[in-house]
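Visitor: Turn this into a model:
(one chain, ligands or ions: 1)
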Amino acid sequence: MRVYALLIAALCALVAPLAPAAEVDGVRLWAGPEGTRVVLDLSRPAEHRLFTLADPHRVVIDISGSSLASGTRLPSGDGPVSGVRSARQGDGTLRVVLDLADRVQASSFLLPPNETYGHRLVIDLGNGNGNGSEPVRRARADDGRGRDLVIAIDAGHGGEDPGAIGRGGTREKDVVLAIARELAKLVEDEPGMRPVLIRDGDYFIPLRGRIERARAAQADLFLSIHADAYFNQNARGATVYMLSQGGASDEVARRVAERENAADLVGGVRLSDKDDMLASVLLDLSQTAALSVGASVGQQLINEMGRVTRMRRDSVQRAPFVVLKSPDIPSLLVETAYISNPEEERGLSDRAHQRRLARAMLNGVRGYFHENPPSDTYIARMRERGLSEPGRYVVSRGDTLSGIANRHNVSLGALRNENNLADDRIRVGQVLTIPTSSGG
Ligand SMILES: [Zn+2]
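Guide: Here you go, the predicted model:
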């Protein structure tokens, strides 16, 4: 017996050094407002140990039997991380050190390979106060003016998750952020509305985190902005989606939802993340109301976007998108174009086209909410008085140009001139400038 034990021990000693060492061949760092994530690409799973040290503060990750692949560049510091360095220990352990300006909470987990990445070791750093800062829930104060409508604008993907990538190298996460920022600027300038950018930088937010941020901001509408991709580069056109509680409206919708829902896996969410509130929430009546509002806003978006870009479908499509699962906020996902179509990829990266898309989305949102404003909002109060902002009128269903001219005590000709209208046709949600003098 003893001999066998010795023999086995000797064999193990022989075998251990022969096991191929794991190589770390990529290190990425993403600093966001709610935390910082460091991702190490591993050639195979490896045991690791994480601990923190003080004076100066740092996080140390020891990966056993590993080395840094030659040519691998370590990221420079960002957020709470002032620097990243690595060293090979005598026992074959790779030590990665994150230098910190301050103490942080650190945790780590391994992710198995997926379509985009291989094995990954993810290190999450909080923002010093537990698990990142909790968004503050704002009270809705009523000062008689009426509150602003809150439009949550969600640029899809980000950080570790690039989203779809065009043939020219355009990344979905970049162009949708550009469109989201344009839209936020327009909403900011819109009387009675306020934007909340769910993501405002190149970092990753889990799908549920996006919903939570919109809820914390008490959003009236949640718009998730994306770009589609398909292996056939002829596929083109924009699509507006809402949540389906069952299956998808068609095969394309099912595929798109599957791809967008995979964002959490690409972005590095712990796989044990559970599907918490959903089951109970699906039967909730408030969700039925939110779905019906979403369907109407979605149709207005399609009408307006159809003026500036090709639409793949002229009705709102349905599929089980995780990011649209807010129980009480009307939520829509807009696939603005096919990034896999070379012509549409060029459009997506074009500043002027990004602006056109954003303006069309604003027009759709405005068109819906001026007709159906929640009663405690500024827009509702203004409309009760038959006006909108001084000097500005938003067209509602049933309005005629002559009726608007009468109500504001201006001539039809002056109203037409002021707005460069060739005829008397107007559309819901359109903004008219009301001339200051009646002009005869
Ligand atoms: Zn997407």
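Visitor: Helix or strand: which one has residue 124?
Guide: strand 119-125 (DSSP states H and E).
Visitor: contacting residues around residue 22?
Guide: 42, 43, 44, 45, 46, 63, 65, 66, 67 (C-beta atoms under 8 Å, 6 or more residues apart in numbering). Using the backbone N, CA and C atoms, a C-beta is placed for each residue, glycine as well.
Visitor: again, only using 6 Å
Guide: The contact partners of residue 22, taken as C-beta atoms under 6 Å, 6 or more residues apart in numbering, are 42, 43, 44, 46, 66.
Visitor: from the middle of its chain, how far away would the next helix or strand after the strand holding residue 124 be?
Guide: Using DSSP H and E, the helix or strand that follows strand 119-125 in sequence is strand 149-155. Its chain's C-alpha centre and that of strand 149-155 lie 10 Å apart, by C-alpha atoms, centre = their mean, to the nearest Å.
Visitor: ok, residues contacting strand 149-155?
Guide: Residues from elsewhere that reach strand 149-155, judged by C-beta under 6 Å, 6+ apart: 176-177, 180, 183-184, 187, 193-199, 210, 214, 217-225, 369, 377.
Visitor: can you check stretch 415-427 too?
Guide: 395, 401, 405, 432, 433, 435.
Visitor: So what's the gap between it and the chain middle?
Guide: 37 Å.
Visitor: Buried residues, that stretch. List them.
Guide: Buried residues in stretch 415-427, counted by 16 or more other C-beta atoms under 10 Å: 415, 416, 418, 419, 426.
Visitor: circling back to that earlier point, check the contacts of residue 22 for burial and list the buried ones.
Guide: Neighbour counting over these (16+ other C-beta under 10 Å) leaves 42, 43, 46, 66 as the buried ones.
Visitor: Helix, strand or coil: sort out the third one for me.
Guide: In terms of secondary structure, residue 46 is coil; the call rests on DSSP: H, G, I helix; E, B strand; the rest coil.
Visitor: For it, what are phi and psi?
Guide: phi -140, psi 150 (degrees, to the nearest 10).
Visitor: can you pull the pLDDT of it?
Guide: Predicted confidence (pLDDT) for residue 46: 87.
Visitor: How about it: what's its closest non-neighbour residue?
Guide: residue 22 (3.9 Å; C-beta to C-beta, 6 or more residues apart in numbering).
Visitor: Please apply the same query to the second one.
Guide: Setting aside the residues directly before and after it, residue 43 is nearest to residue 23 in space (C-beta to C-beta, 6+ apart), at 4.3 Å.
Visitor: List the neighbouring strands of the helix or strand hosting the one you found plus their orientation.
Guide: Assigned by DSSP H and E, residue 23 belongs to strand 22-32. Neighbouring strands of strand 22-32 in its sheet, by DSSP bridges, are strand 35-42 (antiparallel), strand 66-68 (parallel).
Visitor: who in this structure is up against the ion?
Guide: 156, 163, 226, 260 (C-beta under 5 Å from the ion).
Visitor: 6 Å instead?
Guide: 156, 157, 163, 172, 226, 260 (C-beta under 6 Å from the ion).
Visitor: Could you identify which of those residues has the most neighbours?
Guide: Top of these by neighbour number is residue 226, holding 31 neighbours under the definition other C-beta atoms under 10 Å.
Visitor: Look at residue 80 and say how many residues are nearby.
Guide: 21.
Visitor: if I pick the residue in the stretch 251-400 of the chain positioned nearest to the ion, what's in contact with it?
Guide: Using C-beta to the ion, residue 260 is the residue of the stretch 251-400 of the chain that sits closest to the ion, at 4.9 Å. Residue 260 is in contact with residue 321, counting by C-beta under 6 Å, 6+ apart.
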